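> Build me a structure from this.
(one chain, ligands or ions: 1)
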Amino acid sequence: MRIEEANPFAYEFELKSTALVLIDMQRDFIEPGGFGETLGNDVSLLEAIVPATKAALAAWRQAGGLVVHTREAHKADLSDCPPAKRNRSNPTLRIGDEGPMGRILVAGEPGNQIIDALAPVEGELVIDKPGKGMFYATGLHELLQQRGITHLLFGGVTTEVCVQTSMREANDRGYDGLLLEDCTESYFPAFKAATLDMIRAQGAIVGWTAPSAALLAALNHTA
Ligand code: C5J
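Down below sits the predicted model:
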């Protein structure tokens, strides 16, 4: 398959060796009362990408492609959350504190679940990650290698933090990554725009970007 409209040039991939990765589409970041809002952010910006992301997920599932969901999640005892992370920023609630949706960014809590619209289904990988990047302390690289995955299509939040970090980690591990432009968002629109530019600069130094409609067209074309 080929996404002709990808930037900075066409992106080629095979369905059987490509996974769709949705980064941290969890209630803690997208719904009011979660970690994102405690940091003072307008979460409605992130909510706006849900319809496009849902459509891309549905098309990818229909095509039979592998889906990976990540959640930024810590153990209940916070042994995997160093002070250098917990003490950053000036949130009204810190990681591990009790909030309106349970303990902030703690595995198993209501706020840590993927939003209903994108809920994982059987056979999809759900990866809890304690860091910003999806490969750090998760074993995901091995799981992808076992499945022969070489290409990754990305969506999720936030563009310049966990999405960009995961794409850079993926690039270092030899994956060809493409970010679906309308399936990712930041609390800071300028940061999203800068991140898209950084990813595809210098001949796709980190990877490619494309609108999700271009992926849907590629899938329909070969269906
Ligand atoms: C942040 C994330 N922004 N998923 N996490 O702290 O991008």
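> Any idea which helix or strand in the protein has the lowest mean pLDDT?
The least trusted helix or strand in the chain, going by mean pLDDT, DSSP states H and E, turns out to be helix 35-38, with a mean of 87.
> is any part of that helix close to the ligand?
No: Helix 35-38 does not reach the ligand (C-beta under 6 Å from any ligand atom); its nearest approach is 7.2 Å. Where you see a C-beta, it was placed from the backbone N, CA and C, and this is true even at glycine.
> Which positions in the next helix or strand after that helix come out as buried?
Counting by DSSP states H and E, the next helix or strand C-terminal to helix 35-38 is helix 44-47. Residues of helix 44-47 classed as buried: 45-47 (neighbour count, 16 or more other C-beta atoms under 10 Å).
> could those be laid out in TSV, adding pLDDT and distance to the ligand?
Formatted as TSV, the buried residues of helix 44-47 follow (pLDDT from 0 to 100; distance: C-beta to the nearest ligand atom, whole Å):
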residue	pLDDT	distance to the ligand
45	95	12
46	97	10
47	96	15
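> hmm, back to that, only alpha carbons, please: show the least confident helix or strand of the chain as PDB.
Extracted C-alpha coordinates of helix 35-38, given in PDB (Å, rounded to 0.1, in the frame of the first residue of the first chain):
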ATOM      1  CA  PHE A  35      -4.500  14.800  34.800                       C
ATOM      2  CA  GLY A  36      -4.600  17.100  31.700                       C
ATOM      3  CA  GLU A  37      -7.000  19.400  33.300                       C
ATOM      4  CA  THR A  38      -5.200  19.500  36.600                       C
END
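> right, is the longest helix anywhere in the chain up against the ligand?
Criterion DSSP state H: the longest helix present in the chain is helix 189-204. No: applying C-beta under 6 Å from any ligand atom, one finds helix 189-204 out of contact with the ligand, separated by at least 10.2 Å.
> Only C-alpha atoms, please: export that helix in PDB.
Provided in PDB are the C-alpha atoms of helix 189-204 (Å, rounded to 0.1, in the frame of the first residue of the first chain):
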ATOM      1  CA  PRO A 189      -1.600  24.100  18.900                       C
ATOM      2  CA  ALA A 190       1.700  25.700  18.100                       C
ATOM      3  CA  PHE A 191       3.500  22.700  19.600                       C
ATOM      4  CA  LYS A 192       1.500  20.400  17.400                       C
ATOM      5  CA  ALA A 193       2.400  22.300  14.300                       C
ATOM      6  CA  ALA A 194       6.100  22.400  15.300                       C
ATOM      7  CA  THR A 195       6.100  18.700  16.000                       C
ATOM      8  CA  LEU A 196       4.700  17.800  12.600                       C
ATOM      9  CA  ASP A 197       7.400  20.000  11.000                       C
ATOM     10  CA  MET A 198      10.100  18.400  13.100                       C
ATOM     11  CA  ILE A 199       9.100  14.800  12.300                       C
ATOM     12  CA  ARG A 200       9.100  15.200   8.600                       C
ATOM     13  CA  ALA A 201      12.000  17.700   8.300                       C
ATOM     14  CA  GLN A 202      15.300  16.800   6.600                       C
ATOM     15  CA  GLY A 203      13.800  14.100   4.500                       C
ATOM     16  CA  ALA A 204      11.600  12.400   7.200                       C
END
